[in-house]
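**Student:** Next comes the sequence, and after it the predicted model I'd like to discuss.
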Amino acid sequence: MKTFRDRVIRSGLGALHVTGAHRLLRPMLAGVGTIFMLHHVRPRRDVAFQPNRHLEITPEFLRATLKHVRDLGIDIVTLDEMQRRLAARDFSRRFACFTLDDGYRDNRDYAAPVMREFDAPFTVYVASDLADGIGRLWWVALERVLARADSVDIIIDKIATRLETETLAGKRAAFAILHEWLRRLPDSAALRHEVASLCLRFGVDQDAISRELCMSWDELKAFAGEPLLTIGAHTITHDNLAKQSEASVLHEITTNRADIEAVLQRKVAHLAYPYGDKDAAGPREFALARRTGFATAVTTRPGMVFAGNAAHPTALPRISLNGNYQDQRFLPVLTSGAATALWNRFRRVDVA
């Protein structure tokens, strides 16, 4: 299903590019700005099975994106400046922000040098447990389990199921099934239990993954000296906030902010919701982020920033720089707002 959806999206982006419709639609649909969402930035990996490939782009594609944004005459600004423009309704020039979720080490090693080339500010959202080296990047663990498994026997929704994973197609299908099932489990404890069981059965060291991929607090302290960098909050555990009590959500976002401020000795004013889609962040989370003093908070809901978003600074949409669509032909389509307008059925502000 996910592969089919990716093909449909790619076809849609291609059609908009070929017809040139995005050029006509840009004045109406580009909004006042764009918040780009990234995760990993690193050289392309020569591995056939990469179900999480959508979460990574190459430094070359980041460079092409920055050049494209500059060529359009768009200001690349900090989140503080974006928030100022929204609050003041200063829309005389379009803006773009670049944000990276989770605090991966490759953000420092590969993304930051490219951002420096363009003197472009950027934000990295940090989760406390990932910086502590005890976080659970369960989607990476699942990828590693399936990479080494020839089959997986598991109970899904009380039904004993065997997933054949000997072939590449089988592994991709199994990942889609298991990822979707894990996301809909009732809480994070259930998700962690199931992933831990899979890791134990197939010899994957889940404990080592965050230490392998994410910056430690000591590394973040050194990185925080980067003049172009803003550090944002991303909760303690990177768990789905919508499945937690209000008290737990407040603990997740305020303690994470306090952790970062204590270690890095800098104010944290911006938040990214883990997962960030409608199943993970909604009106309750938006209100709690605002109540606890965050100036902005970003979702993963696709969309451009419009003037109407100024009234909802803790429910901001983003444009994903998706590793499955690393094609420079698509950049004018993405920055025109045409693709996300179609996705959102031309609704400009979605905070429900």
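**Tutor:** Nice, I can see it.
**Student:** use CA for all of it now, contacts and neighbours both
**Tutor:** Fine.
**Student:** Quick one: end-to-end distance for stretch 112-128.
**Tutor:** Distance between the two ends of stretch 112-128: 21 Å, counting by CA to CA, to the nearest Å.
**Student:** what's the answer for stretch 106-121, then?
**Tutor:** End-to-end for stretch 106-121, by CA to CA: 17 Å.
**Student:** One more: stretch 298-309?
**Tutor:** Start and end residues of stretch 298-309 are separated by 11 Å (CA to CA).
**Student:** quick one: residue 149 and residue 167 touch, right?
**Tutor:** No - using CA atoms under 8 Å, residue 149 makes no contact with residue 167, being 9.8 Å away.
**Student:** residue boundaries of the strands in the stretch 1-150 of the chain?
**Tutor:** Applying DSSP state E, counting those that start in this stretch to the stretch 1-150 of the chain gives strands spanning 33-38, 40-41, 56-57, 75-76, 95-102, 122-126.
**Student:** May I see these organised as CSV, with mean pLDDT, distance to residue 241 and mean neighbour count added?
**Tutor:** As requested, these are exported to CSV (pLDDT from 0 to 100; distance: least, CA to CA, whole Å; neighbours: other CA atoms under 10 Å):
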stretch, mean pLDDT, distance to residue 241, mean neighbour count
strand 33-38, 98, 19, 24
strand 40-41, 98, 22, 25
strand 56-57, 98, 24, 22
strand 75-76, 98, 30, 20
strand 95-102, 98, 15, 24
strand 122-126, 98, 16, 25
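**Student:** so which of these gets nearest residue 287?
**Tutor:** Nearest of those to residue 287, taken as CA to CA: strand 122-126 at 19.5 Å.
**Student:** so where do the helices sit in the stretch 151-300 of the chain?
**Tutor:** Using DSSP state H, counting those that start in this stretch, the helices of the stretch 151-300 of the chain run over 168-183, 188-202, 209-213, 217-223, 246-264, 283-291.
**Student:** Columns distance to residue 58 and mean pLDDT on top of these, output as CSV?
**Tutor:** Converted to CSV, the helices of the stretch 151-300 of the chain look like this (distance: least, CA to CA, whole Å; pLDDT from 0 to 100):
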stretch, distance to residue 58, mean pLDDT
helix 168-183, 22, 98
helix 188-202, 28, 97
helix 209-213, 16, 98
helix 217-223, 20, 98
helix 246-264, 28, 98
helix 283-291, 32, 98
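**Student:** The strands of the stretch 1-150 of the chain: which one's closest to residue 317?
**Tutor:** So among the strands of the stretch 1-150 of the chain, strand 33-38 is nearest, using CA to CA, at 7.2 Å.
**Student:** So what touches that closest one?
**Tutor:** Strand 33-38 is contacted from outside by 55-57, 94-101, 300, 303-306, 317-322, 335, using CA atoms under 8 Å, 6 or more residues apart in numbering.
**Student:** and the angle from it to strand 122-126?
**Tutor:** Between strand 33-38 and strand 122-126, the angle comes out at 50 degrees (axes from the mean of the first three to the mean of the last three CA atoms, to 10 degrees).
**Student:** Alpha carbons of strand 33-38, as PDB, please.
**Tutor:** Provided in PDB are the C-alpha atoms of strand 33-38 (Å, rounded to 0.1, in the frame of the first residue of the first chain):
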ATOM      1  CA  GLY A  33       6.300  30.700   3.800                       C
ATOM      2  CA  THR A  34       7.400  27.100   4.000                       C
ATOM      3  CA  ILE A  35       8.800  25.000   6.900                       C
ATOM      4  CA  PHE A  36      10.900  22.200   5.500                       C
ATOM      5  CA  MET A  37      11.000  18.900   7.400                       C
ATOM      6  CA  LEU A  38      14.100  16.700   7.400                       C
END
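**Student:** Now find how far off-centre that strand is within its chain.
**Tutor:** How far strand 33-38 lies from its chain's middle: 10 Å, per CA atoms, centre = their mean, to the nearest Å.
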